[in-house]
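Chemist: what follows is a predicted protein model with its sequence.
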Amino acid sequence: MDAQSLALRPRFRFTSEMSRNEIVEKFRKELNENNPEGFTGVLTDFHIQIRFPAHKHRLWTPYMEIALEENLQDRTTLVRVLLTPISPIWMLIMFLLIVTSTSIFISLMLGISQIMIEQEPWGFYLAGLCAVVLLGLYLIARQGRLLARKEMPALKKFADQVFGCDCLMKAH
């Protein structure tokens, strides 16, 4: 899988023959013994987070979240993987997009109201300004996605190394 085929927040889902505990222990072992990138991890019974080391962090540096769901009937584990920018950045971008989109809607209503009462419709100018801000936010998010795509294959390679397969093939 090349860097161009990874989306901003690709999701992967597959079934592993290993138990949840075996997967966590394999990640713990690989983080300590076979980790040339220097990844750090937070490992619990049901959840794993793999991050780049602090000295490699930039604004759009991605990290990997892995959720584990054990099926007791057939002794397999459902593995859900998400590659994403760090949460505060993602939430900030989404918050700004929502605020800007709402401002456009309110400005358009204001402009229509101003026309109805025969006043200068400056609300439309405000909507245009908000649309420019929305476009700027989109371009910033797109640039961040391009920067994060360069690092995502390293996280994918590490997970594939732990699972011993090319398990992160198709994004869902």
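Modeler: Yes, it's here.
Chemist: CA only for contacts and neighbour counts going forward, please
Modeler: Noted.
Chemist: in this structure, which spans are strands?
Modeler: 11-16, 40-43, 47-51, 62-71, 76-85 (DSSP state E).
Chemist: tell me the contacts of Leu59?
Modeler: Ile89 (CA atoms under 8 Å, 6 or more residues apart in numbering).
Chemist: quick check on it: phi, psi?
Modeler: Per-residue torsions, Leu59: phi -60, psi -40 (degrees, to the nearest 10).
Chemist: mind checking how far it is from Ile48?
Modeler: Separation of Leu59 from Ile48 (CA to CA, to the nearest Å): 21 Å.
Chemist: pretty sure Phe46 sits against Leu68.
Modeler: Yes: here Phe46 lies in contact with Leu68, judged by CA atoms under 8 Å, at a distance of 5.0 Å.
Chemist: intersection of neighbour lists for these two?
Modeler: Arg20.
Chemist: more neighbours, the two?
Modeler: Leu68 (22 against 15; other CA atoms under 10 Å).
Chemist: pLDDT value on that one, please?
Modeler: For Leu68, the model assigns a pLDDT of 92.
Chemist: residues contacting it?
Modeler: Counted by CA under 8 Å, 6+ apart, Leu68 has contacts Arg20, Asp45, Phe46, His47, Thr77, Leu78, Val79, Arg80.
Chemist: ok, now Met64?
Modeler: Counted by CA under 8 Å, 6+ apart, Met64 has contacts Ile48, Gln49, Ile50, Arg51, Val81, Leu82, Leu83, Thr84, Leu155.
Chemist: what about the fourth one, how many neighbours?
Modeler: The burial metric for Arg51, expressed as a neighbour count using other CA under 10 Å, is 21.
Chemist: so the longest helix belonging to the chain versus strand 76-85, what angle?
Modeler: Using DSSP state H, we find that the single longest helix of the chain is helix 87-116. When axes from the mean of the first three to the mean of the last three CA atoms, to 10 degrees is applied, the directions of helix 87-116 and strand 76-85 differ by 60 degrees.
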